[in-house]
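**Q** Next one to model:
(2 chains)
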2 protein chains.
Amino acid sequence: MSKPLILVTNDDGIVAPGIKALVNVAKLFGEVFVVAPDKPQSGKGHGITISDPIRLRKVSVFEGIESYECSGTPVDCVKLGKTVLLKDRTIDICLSGINHGSNSSINIIYSGTMSAAMEAHLEGIPSIGFSLLDYSFDADFSAAERYIAELLTLLLHKQKTKENYLLNVNIPALPYDQIKGFKLCRQADSRWIEEYVEATDPKGLKYYWLTGHFDNGDTVEGTDNYALENGYISIVPSQYDLTDYKRMKLFEYLEES
Amino acid sequence: MSKPLILVTNDDGIVAPGIKALVNVAKLFGEVFVVAPDKPQSGKGHGITISDPIRLRKVSVFEGIESYECSGTPVDCVKLGKTVLLKDRTIDICLSGINHGSNSSINIIYSGTMSAAMEAHLEGIPSIGFSLLDYSFDADFSAAERYIAELLTLLLHKQKTKENYLLNVNIPALPYDQIKGFKLCRQADSRWIEEYVEATDPKGLKYYWLTGHFDNGDTVEGTDNYALENGYISIVPSQYDLTDYKRMKLFEYLEES
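**A** Residues are numbered from 1 along each chain as shown, chains lettered A, B, ... in the order given. Next comes the predicted model:
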C-alpha cells in the first residue's frame, strides 16, 4: 500500500482528547481525513439522521489535517465522509475513537464509536474502533497511542489478506509496561444493570436519568472482559450478521404451520 | 402460561397506526402494557439517552390498555418499562412494531423497532419485532394482524422450549390469501446505497438530507429478502453476539507480536 487514506471519526465529539490522540497516531501511517460529531454522541448506537437536515462544517482542530465537524451521529459522519466529502477517493481504513471508556462486551451495540466503525465496514472499508478503559476527559492516552501504532504497523504492513474486517479494540487504563499485549477474543455475554434516578421538575413533573452499573458476568478465558481484567488489549473481530444460527432449529416448526 | 404480560413498543411513535394494529392483536393473548416513543424514532438504532433526562407520560391512546409515551428512544422505552414502570412484575414477551416499512437484512441494525426488541431480549425477555413492507401511514395492516395472531398462537402455546429468543419478522404488503406462510431465514447481506441531497439555507450555508435506495443484492434462497420477494413472511431468529468467529484465525498472528 502506498500512502493510505485514513478516515478518522469518534463519538465523543471532534474536540475530545481521544480523537486527538488517534489522529496523532494515524498521521504516521497515511493521509488522515477527519469527520466527527460536533457534540458528544455517546450511546447513539447505530442511529442515523433520517428526518432532519445534517450540517458539515470545515474546522481547524488538528494541525495540517483536513477536518469536518458534523451535526449528525457517528454513523452519519461515516456516511457523509464516504458519500459526499471523499466521494471520488478510496478510503483504505477507518479508525474510530479513541473512546473515553470501555466498549467491550455488549457495549458494542450501544456505542457510537463502534457503530461508526461498523458502518465503514459495511461499506467495504476495513475498520477499527479503539476504546480506553478510562472515562475521564484527562485520561492518559500515551500507552494507547503506542499500542495503536504497533497494531496499525501489523495490520497495514503485515496483514496477509486484504479482506475487509472490523475490530473492536479495548485498551486497559494501565501504563505501557504493564500492558501484556494483544489478545484475540470473543464478545463477552455481559450486560448493564440499569437504574433510573427519579427527579421532579419545578412544575412537579417527574423525569428520569439513566444510570446503572456494568455486570461483568461473563469473564471466562477467551472473552474480552477476561483479557482486559488480565492486563491485555482485547481485540474482537466483529461483524453485522445478527442471525441466531444456533437457535434456528428451535423454530423450524413455524414453517409447517 | 396463564395470562402473559406483554410489553408493546415501536419506533414510529405511540400514535402510529402500526402500533395500534399490534396492540389489537396482542390484547387477544394477554395483558398488554405499552411504552412507546412520543415522536417518530425511526433509524435510531440501539441509541440510548445518556446525557438528557427522560420523560414518561401516561396517555389514553388504546382503549383499556395502560399506556405511556416516552421522550426517549425505543431502547429507552424498553429499559424504562422494565426498570421503572413494571419493576415488580415479570414481562413474558415484548412485541415491537408493527413498523411501517421493511426491517429485513441490514435494516435490523438501523431499526429502532428491532433495537427495542433486541434490548428486551438482552434483558432476558423473549421478543419479536414486526414490520410490514409498506412505508405509508395508511398501510393496510389487516393481513399482518391475522398472521401475527397465528404466530403468537404458535409461540405462546406450542413453543416447546421456554428459551429466550429474538425474532425479526417481516411481512410482505400483500392480501392475506396471497401470503404463502412463514419462512425461517438468515439475514441477507444487503445494504443501502446512500445518496445525499444537498441544499442551501437562506444564509448560503449548505446542508444535507439523507436519501438513497436499498440494494437488494443478496436474494439467494434462505435469506429474508428471498422469502419476502416470494410472498412469504420472513422470520430471522436474531442475537447480539457480533463476534466474527469465521475471521478469527486471520488475526491470530497479532497475539504473537
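**Q** Surely A:P40 is in a helix?
**A** No - counting by DSSP: H, G, I helix; E, B strand; the rest coil, one finds A:P40 to be coil, located in no helix.
**Q** How about the residues of the stretch 1-150 of chain A by chain B?
**A** A:40, A:42-51, A:53-56, A:73, A:75-76, A:79-80, A:82-84, A:106, A:108-110, A:115, A:118, A:122-123, A:150 (C-beta under 8 Å from any C-beta of the partner chain). From N, CA and C alone the C-beta is placed, and that goes for glycine too.
**Q** Can you select the buried ones from those residues in PyMOL?
**A** Of the residues of the stretch 1-150 of chain A next to chain B, the buried ones can be selected in PyMOL as follows, counting by 16 or more other C-beta atoms under 10 Å in any protein chain shown:
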select buried, chain A and resi 40+42+43+44+45+46+47+48+49+53+54+55+56+73+75+76+79+80+82+83+84+106+108+109+110+115+118+122+123+150
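**Q** On the pLDDT front, check A:D92 for me.
**A** A:D92 is assigned a predicted lDDT (pLDDT) of 96.
**Q** Quick check, it in contact with A:L5.
**A** Yes - using C-beta atoms under 8 Å, A:D92 is in contact with A:L5, at 5.2 Å.
**Q** Mutual contacts of these two, please.
**A** With contacts defined as C-beta atoms under 8 Å, 6 or more residues apart in numbering or on different chains, the residues shared by A:D92 and A:L5 are A:G30.
**Q** does the residue lying closest to A:G45 once chain neighbours are set aside count as helix, strand or coil?
**A** Of all residues not flanking A:G45 in the chain, B:H46 sits nearest, at 3.3 Å (C-beta to C-beta, 6 or more residues apart in numbering or on different chains). Under the three-state scheme (three-state DSSP), B:H46 adopts coil.
**Q** Would it be right to say that A:K249 lies in a helix?
**A** Yes - the assignment for A:K249 is a helix, going by three-state DSSP.
**Q** Any figure for the gap between A:D88 and chain B?
**A** According to C-beta to the nearest C-beta, to the nearest Å, A:D88 stands 15 Å off from chain B.
**Q** what about that residue, how many residues close to it?
**A** A:D88 has 5 neighbouring residues, counting by other C-beta atoms under 10 Å in any protein chain shown.
**Q** now swap in the one 5 residues further on and tell me
**A** Other residues within reach of A:I93, judged by other C-beta under 10 Å, total 22.
**Q** I'd say it and A:K3 touch.
**A** No - applying C-beta under 8 Å as the test, A:I93 and A:K3 come out as separate, 11.9 Å apart.
**Q** what's the overlap in contacts for the two?
**A** Residues touching both A:I93 and A:K3 (C-beta under 8 Å, 6+ apart) are A:G30.
**Q** quick one: the helices in chain A?
**A** A:17-26, A:74-80, A:107-110, A:112-122, A:142-153, A:224-229 (DSSP state H).
**Q** Tabulate those helices (a markdown table), appending mean pLDDT and distance to B:A188.
**A** Below are the helices of chain A laid out as a markdown table (pLDDT from 0 to 100; distance: least, C-beta to C-beta, whole Å):
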| stretch | mean pLDDT | distance to B:A188 |
| --- | --- | --- |
| helix A:17-26 | 98 | 33 |
| helix A:74-80 | 97 | 20 |
| helix A:107-110 | 96 | 20 |
| helix A:112-122 | 97 | 13 |
| helix A:142-153 | 97 | 32 |
| helix A:224-229 | 97 | 28 |
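**Q** Redo those as TSV? Include distance to B:F33.
**A** Converted to TSV, the helices of chain A look like this (distance: least, C-beta to C-beta, whole Å):
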stretch	distance to B:F33
helix A:17-26	40
helix A:74-80	31
helix A:107-110	24
helix A:112-122	30
helix A:142-153	45
helix A:224-229	34
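**Q** What are the boundaries of the strands in chain A?
**A** Ranges of strands in chain A, per DSSP state E, are A:5-9, A:31-37, A:56-59, A:66-70, A:93-100, A:127-132, A:166-171, A:182-184, A:191-200, A:206-215, A:233-237.
**Q** could you dump those strands to CSV with distance to B:A16?
**A** Below are the strands of chain A laid out as CSV (distance: least, C-beta to C-beta, whole Å):
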stretch, distance to B:A16
strand A:5-9, 32
strand A:31-37, 29
strand A:56-59, 31
strand A:66-70, 29
strand A:93-100, 33
strand A:127-132, 33
strand A:166-171, 33
strand A:182-184, 44
strand A:191-200, 25
strand A:206-215, 23
strand A:233-237, 36
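**Q** what about A:D244, distance to B:N168?
**A** Counting by C-beta to C-beta, to the nearest Å, the separation of A:D244 from B:N168 is 10 Å.
**Q** same deal with A:V8?
**A** 33 Å.
**Q** More neighbours: which of the two?
**A** Neighbours per residue (other C-beta under 10 Å) separate A:V8 from B:N168, with B:N168 holding more: 31 against 27.
**Q** show me what contacts that one?
**A** By C-beta under 8 Å, 6+ apart, the neighbours of B:N168 are A:242, B:103-104, B:108, B:114, B:117, B:129, B:131, B:187, B:224, B:234-236, B:238.
**Q** As CSV, those residues with distance to B:E31 would be great.
**A** CSV is the format used below for the contacts of B:N168 (distance: C-beta to C-beta, whole Å):
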residue, distance to B:E31
A:L242, 29
B:N103, 26
B:S104, 30
B:I108, 28
B:M114, 24
B:A117, 19
B:G129, 20
B:S131, 24
B:Q187, 32
B:D224, 31
B:S234, 29
B:I235, 25
B:V236, 28
B:S238, 26
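**Q** which regions of chain A sit below the pLDDT cut-off?
**A** Low-confidence segments of chain A, defined by pLDDT under 70: A:1, A:160-161, A:257.
**Q** how does it look with 80?
**A** Low-confidence segments of chain A (pLDDT under 80): A:1-2, A:158-162, A:257.
**Q** How far off centre is stretch A:119-137?
**A** 3 Å (C-alpha atoms, centre = their mean, to the nearest Å).
**Q** can I have that stretch written out in CSV, keeping just the CAs?
**A** Output of stretch A:119-137 as CSV, limited to C-alpha atoms (Å, rounded to 0.1, in the frame of the first residue of the first chain):
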residue,chain,number,x,y,z
GLU,A,119,-20.8,1.4,9.2
ALA,A,120,-17.5,1.8,7.4
HIS,A,121,-17.0,-2.0,7.5
LEU,A,122,-20.5,-2.4,5.9
GLU,A,123,-19.4,-0.1,3.2
GLY,A,124,-16.4,-2.3,2.4
ILE,A,125,-13.8,-0.4,4.4
PRO,A,126,-11.6,-2.3,6.9
SER,A,127,-12.3,-0.6,10.2
ILE,A,128,-11.1,-0.5,13.8
GLY,A,129,-12.8,1.1,16.9
PHE,A,130,-10.5,1.9,19.8
SER,A,131,-11.5,2.5,23.4
LEU,A,132,-9.5,3.2,26.5
LEU,A,133,-10.9,2.0,29.8
ASP,A,134,-10.9,5.5,31.4
TYR,A,135,-14.0,7.7,31.1
SER,A,136,-12.3,10.9,32.3
PHE,A,137,-11.6,13.9,30.0
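**Q** For chain B, see how far away A:Y253 is.
**A** 7 Å.
**Q** Is that residue in contact with B:L154, as I believe?
**A** Yes - applying C-beta under 8 Å, one finds A:Y253 in contact with B:L154, separated by 7.4 Å.
**Q** can you list residues touching both of A:D244 and B:N168?
**A** Common contacts of A:D244 and B:N168 (C-beta under 8 Å, 6+ apart): B:S238.
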